[in-house]
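J.: Mind looking at a prediction? Sequence and model below.
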Amino acid sequence: MEEKEGEGITFEEAMKKLESIVETLGEGNLPLDDSLKMFEEGMELCKFCNKKLDEAEYKVEKLMEREGGEISVEKFEMEE
Amino acid sequence: MGKLRKGITLTDFLHLKTDEREEHVTAEEEMEEKETPRIFTVQEITRHIRERLDEDEILSDVYVKGELSNLSQPTSGHLYFTLKDNFSELRCVMFREKNIGLRFTPEDGMSVIVRGHISVYEKRGNYQLYVEEIQEEGIGALYRAFEQLKKKLREEGLFDIAYKKPIPSFPRRIGIITSPTGAAIRDILNITKRRFPHVHILLAPVAVQGEEAPWQIVNAIRVMNRVNAELMKIDVLVVGRGGGSIEELWAFNEEMVAREIFSSEIPVISAVGHETDFTIADFVADKRAATPSEAAELVVPDNREIERNLSSLELRMRQNVFKAVEFHRRKLESMEKNILFRKPTERINQYRQTVDEIKRSMLAEISHLVALHKKSLQVLTGKLDALSPLAILDRGYCICSRLPEGKVVRSVEDISVGDALKILFGDGEAVSEVKAKLQKEEKV
């Protein structure tokens, strides 16, 4: 998993933004151009959120700290 | 009553009362004279004793340590035992509703600390300790340490709401600090995987009980924060373990653990033991989960909910934008109407229409006039017909005109012999030749 997201926006922020867009559109007092622009942005956010969900796989790893304080990450399997 | 006892036995007293009253008239006896001594029933004096004990402040809430013996628990569920040390014994009873949640099984010989009040069981005339709480002796010390640390950290402000960091609602990476083999990690993994299979779980395996545990937990919190700062963002930490005895949970009551949780940059959810277990870690964490399972429910959202939420947002957005477009369309339409009305061409059209109307009405007027005229013309024509010279032809007159020019002959002088004349009758005409002409005599 890469640390930084290219869009510089997190899933959480995207969802929040989407909610606020839906609300603003719902108020219906925007100029048409702005409404459409917002709608486009909203659809992009929907796509983004779905993509984020699809991308993020479930992964369990464990952190190991070596003698010198070096940290390594390895796969973790639950012992049955 | 105290005076009664000074040097006099009960027998003496009774004797004195009946026979020897007069011989011993001391000041003391005088008192006795006035105050008829009271004879108590056993019940009365027992009650009196109980009341005296019940008034005592120390006896009303007391901690007593000793060794358990003569334990018995009849079917009533009440627990009877004797608390003893090398010198004394104390009868104790712990009623069923008090002992029902005991964390350990009391056994003869166990060193314990009990807390309760001392009173008299009147039926037997025994005084005994009515136990509210019982703890193994070592735990008493732990409990005090817990209370002291809690008080200290609270006073320092480590539990203040102002320091509580929000728990992110959509974590991407979760750090778990617990034993790699316990039920806790199993529950957490099962639940997070079921609810939200889109997270990266980083486990820092630690001992959660024993001497090493506090230090290992502290170190794990540090390592997680280092990873967060240097390697990859960790959105939230879950620190905890499954249920256990108070000693087994003790690592989470250690000051060093509490302080490390407090200073973690990453928000911390504590998840120690069962619902009823409260540890210092719970107070200092940004959020307390009652159990590791609850922590797992808290830390990730429900995927199905998110998907529902996303699609409902999308739907609402579509509806809203449709409404917005419709709104603007209607607005545009009404503006168009307005604009057209004000356009010059529209005025011209208006005039055009007016002109048309005028024209139409003018035409109507004119044709009416024409009709009128036609009618009068017919009348006139009728009259004219009557006056027409042609009309006389029917009455036998002829009109004669000279050919070829067709000039009407009004006088004999207009013609010469040999001229061709056209004679017009009522029903036709004839051409004739002038043979002779006769001048009529001049009329006078």
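T.: Structure's in. What do you need?
J.: Can the longest helix along chain A be said to contact chain B?
T.: The longest helix of chain A (DSSP state H) is helix A:32-55. Yes. Residues of helix A:32-55 contacting chain B under Cβ under 8 Å from any Cβ of the partner chain: A:32, A:35-36, A:38-39, A:42-43, A:46, A:49-50, A:52-53. (Each C-beta comes from the backbone N, C-alpha and C, glycine too.)
J.: Name all residues that make contact with the closest residue in space to B:Asp61 that isn't next to it in sequence.
T.: Leaving aside its sequence neighbours, B:Asp61 sits nearest to B:His117 (Cβ to Cβ, 6 or more residues apart in numbering or on different chains; 6.0 Å). By Cβ atoms under 8 Å, 6 or more residues apart in numbering or on different chains, the residues touching B:His117 are B:54, B:59-62, B:129-130, B:132.
J.: try B:Ile100
T.: B:Gly77.
J.: what do you get for the one 10 residues further on?
T.: B:Met110 makes contact with B:67-68, B:136 under the criterion Cβ under 8 Å, 6+ apart.
J.: Going by neighbour count, which of these comes out on top?
T.: Neighbour counts for those (other Cβ atoms under 10 Å in any protein chain shown) peak at B:Leu68, which has 21 neighbours.
J.: Helix or strand for that residue, just tell me which one.
T.: strand B:62-72 (DSSP states H and E).
J.: other SSEs contacting that strand?
T.: Strand B:62-72 sits against strand B:79-84, strand B:89-94, strand B:111-121, helix B:137-156, with contacts defined as 3 or more Cβ pairs under 8 Å, 6 or more residues apart in numbering or on different chains; DSSP states H and E.
J.: With mean pLDDT as extra columns, can I get the ones you listed in CSV?
T.: As requested, these are exported to CSV (pLDDT from 0 to 100):
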stretch, mean pLDDT
strand B:79-84, 95
strand B:89-94, 95
strand B:111-121, 92
helix B:137-156, 85
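J.: TSV for those, including distance to B:Lys287?
T.: Shown next, in TSV, are the helices and strands packed on strand B:62-72 (distance: least, Cβ to Cβ, whole Å):
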stretch	distance to B:Lys287
strand B:79-84	38
strand B:89-94	36
strand B:111-121	32
helix B:137-156	17
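J.: Can you pull the residues of chain A lying near chain B?
T.: Residues of chain A lying near chain B (Cβ under 8 Å from any Cβ): A:1, A:3, A:10-12, A:15, A:18-19, A:21-22, A:25-26, A:28, A:30, A:32, A:35-36, A:38-39, A:42-43, A:46, A:49-50, A:52-53, A:56-63, A:65, A:71, A:73, A:76, A:78-79.
J.: what about burial for these, which qualify?
T.: Neighbour counting over the residues of chain A next to chain B (16 or more other Cβ atoms under 10 Å in any protein chain shown) leaves A:10-12, A:15, A:18-19, A:21-22, A:25, A:30, A:35-36, A:38-39, A:42-43, A:46, A:49, A:52-53, A:56, A:60, A:62-63, A:65, A:76 as the buried ones.
J.: Let me see the mean pLDDT of stretch B:424-431.
T.: The average pLDDT for stretch B:424-431 rounds to 85.
J.: Return the distance of that stretch from the chain's centre.
T.: Taking Cα atoms, centre = their mean, to the nearest Å, one finds the center of stretch B:424-431 at 119 Å from the center of the full chain.
J.: With stretch B:210-229 instead?
T.: 37 Å.
J.: Flag every buried residue along it.
T.: B:213-214, B:216-228.
J.: what do you get for stretch B:76-91?
T.: Quick answer for stretch B:76-91 (16+ other Cβ under 10 Å): B:79-83, B:90-91.
J.: Tell me which two in these are the farthest apart.
T.: B:Leu79 and B:Leu90 (14.3 Å; Cβ to Cβ).
J.: And for B:Ala289, nearest residue in space, chain neighbours not counted?
T.: Using Cβ to Cβ, 6+ apart, the closest residue to B:Ala289 is B:Ala295 (3.6 Å).
J.: Much appreciated, bye for now.
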